[in-house]
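Asker: Dropping a prediction and its sequence here:
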Amino acid sequence: MILTDGAYVTAQALVAARLGLSFPESRRADLERGLAGALRAVRTRALEPYLARLAAAPDDDPEWHRLAAHLTVGETYFFRDAAAFEALERHVLPALIAARRARGDRRLRLWSAACATGEEPYTLAILLDRLLPDFADWTVTLLATDLSARRLETARRGRYRAWSLRETPAEARARYFRPLRDGELELHARIRSRVAFAPLNLAADDYPSVLTDTTAMDLILCRNAMMYFTEAARRATAARLVRALAPDGWLVTSAAEASSELLAPLVPAGLPGVVFYRKAAPRAAAAIRVPAPDTAAPPPAPPAPRPPLAVAPARRPAAEPAAPSLARARALADQGRLEQARRECAAALARDRLDPEAHVLLAAIEQERGELGAALDALRRALYLAPDSAPAHFLLGALLIRRGERRRGRRALEAVLGLLERVPRDEVLPGSDGLTAGRLLETARAHLAAR
């Protein structure tokens, strides 16, 4: 396929607007290869009609996700960037674990934000397995997201060729993998079960949100993704990732993406040879020094207040303001202060037991606490009160799939599609953290495609 100047300009603008990806003249050949692969997948050579179809299609059209997989780099492997994982194992994770133990709060939330075929989040799971001998006593969320349903399916299988383990230490390879007859190596089921995979477009404005479990993260790894974005998409994505961090949370990027100006108000951590940033109170001007692994980390300074989750980001239409207790509950959940958030939710429900939005928020909070049974009970009450609540059906589907009830989970996600089919795409849904109908519809379709 030859990409003419006119088609190049059209495709470049379209991909930048919808996916946030940048293809300047220096990457024109990359765009041409990606489009050629997408055309082969749909068995056509007609580029102009294909681009016209994409331009007319909504963001949640599966063809956009397929094209994104052809335009983005999926190359990764276990323990990629040994210095980064050494810093995580020797400094960052022990400091987080020590701080949580000191507070009596045995919860950790980690997110691999561009996970490709799963090697990065599974490496994190291996590190935690080594660092937490009492893992069963902790509530650990290890979220892994990617735009490509095909890559997510590969990740869930947990089977890899030896090339993906080329930097894996021999001890970890022997302990956590078993060889298969076809030459692949399968990751131990115990480690696979600790990672939750979900579709997510980093360039979209539907996170952070308790609905998609993308708030109050202790650690976010987002490496080699933003470097391919347009300047506008890069700034918007960085701002969302900063909001998604817990008050003392860490963000790991690649050297090509690192920028203190871009990642403000995060501050660089004083770790040699790696690019780590940490969320801190505004008064923290110097680089943060991480305590040695055998030194208990002091509790972090209280964060500056953040706007409640009920306030939508700039690109979303404004939603009706929530009741005071409910708004406080959202703000507290956004900061990872789940016990206080739960109490505020209870206060809201004490005033109005028939408020389905409060039950949906309580379900999201219980999910973050690891109390899936309580979360499901809250969702059942929400759906009894509001059977047409698309956010409640979405959260129910995600929770059921997380519990291994895939058939029931898919039915709940399919209900979201039916409920939102005729709703205006820019309409903000009650109980959705400011998500529009179009965004939730896109997310539900992506979850179904990835299951």
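Answerer: Sure thing, it's come through.

Asker: And the worst-scoring helix or strand of the chain on mean pLDDT, what does it pack against?
Answerer: Of the helices and strands making up the chain, the lowest-confidence element is helix 437-450, at a mean of 80, by mean pLDDT, DSSP states H and E. Counting contacts by 3 or more CB pairs under 8 Å, 6 or more residues apart in numbering; DSSP states H and E, helix 437-450 is packed against helix 62-71, helix 149-157, strand 196-199, helix 390-402, helix 406-420. (Each C-beta comes from the backbone N, C-alpha and C, glycine too.)

Asker: Any chance you could list what contacts the third one?
Answerer: Judged by CB atoms under 8 Å, 6 or more residues apart in numbering, the contacts made with strand 196-199 from elsewhere in the structure are 65, 115, 118, 121, 141-147, 149, 152, 155-156, 212-213, 398, 402, 443, 446-447, 449-450.

Asker: cool, the fourth one as well?
Answerer: The set of residues external to helix 390-402 that reach it, using CB under 8 Å, 6+ apart, is 196, 198, 211, 213, 356, 359-360, 363-364, 367, 372, 375-376, 379, 382-383, 386, 406, 408-413, 415-416, 419-420, 423, 429-432, 435, 437, 440, 443-444, 447, 451.

Asker: quick check: angle from it to helix 437-450?
Answerer: Calculated by axes from the mean of the first three to the mean of the last three CA atoms, to 10 degrees, helix 390-402 forms an angle of 20 degrees with helix 437-450.

Asker: go on, the second one?
Answerer: Relative orientation of helix 149-157 versus helix 437-450 (the same axes, to 10 degrees): 50 degrees.

Asker: Please list only the buried members of the contacts of helix 390-402.
Answerer: 196, 198, 211, 213, 356, 359-360, 363-364, 367, 375-376, 379, 382-383, 386, 409-410, 412-413, 415-416, 419-420, 423, 429, 431-432, 435, 437, 440, 443-444, 447, 451 (16 or more other CB atoms under 10 Å).

Asker: Centre of the chain to the least confident helix or strand of the chain, how far?
Answerer: 14 Å (CA atoms, centre = their mean, to the nearest Å).

Asker: same deal with stretch 40-48?
Answerer: Centre-to-centre, stretch 40-48 and its host chain are 31 Å apart (CA atoms, centre = their mean).

Asker: Could you number the chain from 812 rather than 1 from now on?
Answerer: Right, with 812 as the first residue, what we last looked at is stretch 851-859.

Asker: secondary structure element for residue 921?
Answerer: When secondary structure is defined by DSSP states H and E, residue 921 falls within strand 918-923.

Asker: Which neighbours in the sheet does that strand have, and how are they oriented?
Answerer: Within its sheet, and counting by DSSP bridges, strand 918-923 is paired with strand 950-957 (parallel), strand 1028-1032 (parallel).

Asker: could I get these as TSV with distance to residue 1067, mean pLDDT and mean neighbour count?
Answerer: Converted to TSV, these look like this (distance: least, CB to CB, whole Å; pLDDT from 0 to 100; neighbours: other CB atoms under 10 Å):
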stretch	distance to residue 1067	mean pLDDT	mean neighbour count
strand 950-957	19	93	22
strand 1028-1032	15	96	24
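
Asker: now those strands in TSV, with distance to residue 831?
Answerer: Shown next, in TSV, are the strands paired with strand 918-923 (distance: least, CB to CB, whole Å):
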stretch	distance to residue 831
strand 950-957	15
strand 1028-1032	18
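
Asker: Out of those, which is closest to residue 974?
Answerer: Closest to residue 974 of the strands paired with strand 918-923 is strand 950-957 (CB to CB; 19.3 Å).

Asker: by how many degrees do that closest one and helix 873-882 diverge?
Answerer: Here the directions of strand 950-957 and helix 873-882 differ by 90 degrees (the same axes, to 10 degrees).

Asker: What lies in contact with strand 950-957?
Answerer: Contacts to strand 950-957, defined as CB under 8 Å, 6+ apart, come from residues 917-927, 929, 931-932, 935-936, 939, 943, 963, 966, 1005-1011, 1013, 1024-1025, 1028, 1179-1181.

Asker: If we use 7 Å, what do you get?
Answerer: Contacting residues not belonging to strand 950-957 are listed as 917-927, 929, 932, 935-936, 939, 963, 966, 1005-1011, 1024, 1180-1181 [CB atoms under 7 Å, 6 or more residues apart in numbering].

Asker: For residue 938, give me its contacts.
Answerer: Taking CB under 7 Å, 6+ apart as the definition of contact, the neighbours of residue 938 are 896, 899-900, 904.

Asker: Mind jotting down where the strands sit in the stretch 912-1061 of the chain?
Answerer: Taking DSSP state E, counting those that start in this stretch to define them, one finds strands in the stretch 912-1061 of the chain at 918-923, 950-957, 970-971, 988-990, 996-998, 1007-1010, 1028-1032, 1056-1063.

Asker: per-domain residue ranges of this protein.
Answerer: Domain assignment for the chain, taken from automatic domain parsing, gives 816-882, 893-1089, 1135-1261.

Asker: Buried ones only from the contacts of strand 950-957, please, as a ChimeraX command.
Answerer: The command below creates a ChimeraX selection of those among the contacts of strand 950-957 that count as buried (16+ other CB under 10 Å):
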select :917,918,919,920,921,922,923,924,925,926,927,929,932,935,936,939,963,966,1005,1006,1007,1008,1009,1010,1011,1024,1180
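
Asker: Which one, of the helices and strands packed on helix 1248-1261, ends up nearest to residue 819?
Answerer: Minimum separation from residue 819 across the helices and strands packed on helix 1248-1261 (CB to CB) falls at helix 873-882, 13.6 Å.
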